[in-house]
Structures are given as structure tokens and as C-alpha cells.
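>>> Sequence plus the predicted model coming up.
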Amino acid sequence: MKMKIIIILLILTITQSIYSAKNFKEFFNNFKPLKSITFEATIINKEKLKNLDDKIKNYLSKIETSINYNRTNQEIKISTIKENINKIKNDLSKKHSVYFLEEDLESINLSSELVKNTKNLPNNITTGEDSYDTAKGGRVEYRFFRTKSDTAKDENNLKEFIKTLKLKKGYKIYYKKEGYKKKLYYKTFVLKNDLSISGYLIKDSYVGLDKYINSPTILLIFNNKGKKLFANLTKRIAGHRLAIVIDGIINTIPVVNEEIPGGKIQITFGTSLSSKEQIKKANKLARQLLTSSFTDFIKLKK
């Protein structure tokens, strides 16, 4: 009789664990040994520490697996399965910079002029032409510099080449990886260098799916201050592109269709990547956007 009761309780426990888990993967992860990683908060104010707790817990919820979070005074301990330790370490030990920078008509003209006036190019750098349709029905054509492939050497050569180019004050050259599968390369963009909207103004981000093109999307939510700044910016540049720059590199540069007053922006990934790569990129971007608002206040404890 006791054995039957034990078996029934065991079945109920397993059933409850499966029901509580987000998916079967998380359920089985619960049985794996946990590893720990420790950070130290660089702030001591209790209210700010509580706010830091909320931000880190929200970030951890995006990883979609069982994670234990504990803070004692300024020491932060995160325990999870081994597969997630490196992911968390890479995300939280870096002070990610996130900026939202506009590409106005002068940016386009400056980019094309640079290409036209630069006569001697390094062997590994070439030029290209492209265009895009604006939200108002027009077409913008522009020229740019690009690498032949996407190796680390190509990226470093492009960085060094960019240093030799001169722009008028208020503008800066950034780059972005583009292409498809084995035909990837780095491409330059000229952007207005206004850093007023940054990752500090981000409140939350969620990964979803655009069913029409079967591509992942990120819903980005600003805090109250960011909401006002973003509304003013999108109203001013409606019809042109807005670049999301992470750690100095353009992640995506969508056309802004109209003013966005609600403090939310949806980033849709194109079809140049496979579905698996798109989802991986979307999840990574969603996490980085969140960490940019708090990684200045923690450091990895050795």
C-alpha cells in the first residue's frame, strides 16, 4: 500500500513538473547538475539594487530554462545548467552599447560622395551600389564600401580603412554584415552620430514570429523617457531608415514607416538567413538589448 502511494506521488510530482515547465527540454534540464556564476553589483543603494534584481531576472527569463537567481548584499549568484553558463557570461560580462541612429538624406549623399572621391582602395575593399523603397513611395539610391567576404581579417581591414576616411562633423561611418550563407560580406553606412537614444532607455524586449513571412521579430519597449524621445525621432525621420547599433556595429537598419508614439518598435528579420539562424540572432539581440541597461552596474567576480 505504501509503495502504491509513493508511486502515485511520484507520478503526480513528475506530471506537475512537466506542466510547470515551458517545454520538455526545460523539464529534462531540471535533472541536470547546475553550475554557478557570480557577479558583484557596483551600486549599494537598496532601491537601485532592487531595480537591478528586476532587470537581471527579466533578462534571465529570456533564456527559457530553469535558473536560480540569488543576491546577498552586492554579491549576485546565478545557477543554471552548464550549457547556459557561457551564454550568460558572454552577455553579462560585457558592457554592451546600444544606440538608435538615423540615416538621413545627407548621410546617403555623404556615403556616395566618399565612394566617388576615394580613388585608391585597399586590395580587400571594393564598392557597391544599392537602393531601397521609402515608406512614402520613393526610392533612395546610394553607394558604399564593402569587403569581399566576412572573415575576421576582412572586418579588421574594413575597420582600419574606415579610420582613414574623413566625414563632416556630426556623422560617422558604421558597418553591417550582409549577404546570404557563404556569400556574406561587410558593408558601410554613414549615420548621423546623435547618441541621445541608447540602451539605458530600454524597458523590455520579446521575440515573436511574423506569420506572413515566417520570420522572427523583436518587440522592443522603451521606458517613459525613451518613449518620448523615440516618438520625436521617428516623427522627424518617417520614410527613412533607423539603425540599431550594438557595440559599434549595425545590427539592423529598417525603414521607419511613420511616427511611433507608443514607445514600442518591432524589428523584423529578413529572409537572408535560415530560420534557425534568424531565431538564434533574434534571441541574442533581445538579450543584448536588455543587458545594455544594466551591465554598467555589475562585474564578473573571479
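Yes, it's here.

>>> What spatial separation is found between the residue lying closest to K264 once chain neighbours are set aside and I260?
Distances taken as C-beta to C-beta, 6 or more residues apart in numbering put I221 closest to K264, at 5.3 Å, once the chain neighbours are dropped. The way it works is simple: take the backbone N, C-alpha and C, and place the C-beta from them, glycine included. I221 is 11 Å from I260, where distance means C-beta to C-beta, to the nearest Å.

>>> more crowded one of those two?
Using other C-beta atoms under 10 Å, the more surrounded residue of I221 and I260 is I260, with 19 against 16.

>>> in the stretch 151-300 of the chain, which spans are helices?
152-163, 224-237, 275-291 (DSSP state H, counting those that start in this stretch).

>>> among these, which is nearest K95?
K95 sits nearest to helix 275-291 of all the helices of the stretch 151-300 of the chain, at 8.7 Å, using C-beta to C-beta.

>>> contacts for the closest one?
55, 58-59, 62-63, 91-92, 94, 96, 98, 199, 202, 204-207, 214-218, 220, 246, 251-252, 267, 269, 273 (C-beta atoms under 8 Å, 6 or more residues apart in numbering).

>>> And stretch 163-182, by the same measure?
101, 106-107, 110, 114, 118, 150, 155, 158, 162, 184-194, 243, 245, 248-251, 253, 272-274.

>>> Please enumerate the strands of the stretch 151-300 of the chain.
Taking DSSP state E, counting those that start in this stretch as the test, the strands found in the stretch 151-300 of the chain are 171-178, 185-192, 202-210, 215-222, 241-246, 249-252, 264-268, 298-300.

>>> Specify the residue ranges that define each domain of the protein.
1-30, 32-93, 104-192, 195-295 (automatic domain parsing).

>>> So which of those domains is the most surrounded?
Burial of the domains of the chain is given as mean neighbour count (mean count of other C-beta atoms under 10 Å); domain 195-295 ranks first at a mean of 17.

>>> That one spans what distance, first to last residue?
18 Å (C-alpha to C-alpha, to the nearest Å).

>>> now do stretch 207-224
Counting by C-alpha to C-alpha, the terminal residues of stretch 207-224 are separated by 21 Å.

>>> didn't F39 look like it was pressed against I76?
Yes - under the criterion of C-beta atoms under 8 Å, F39 makes contact with I76 at 4.3 Å.

>>> Poorly predicted segments of the protein, please.
Scanning the chain for pLDDT under 70 picks out the ranges 1-32, 269-274.

>>> End to end on stretch 209-222, go ahead and measure it.
20 Å.
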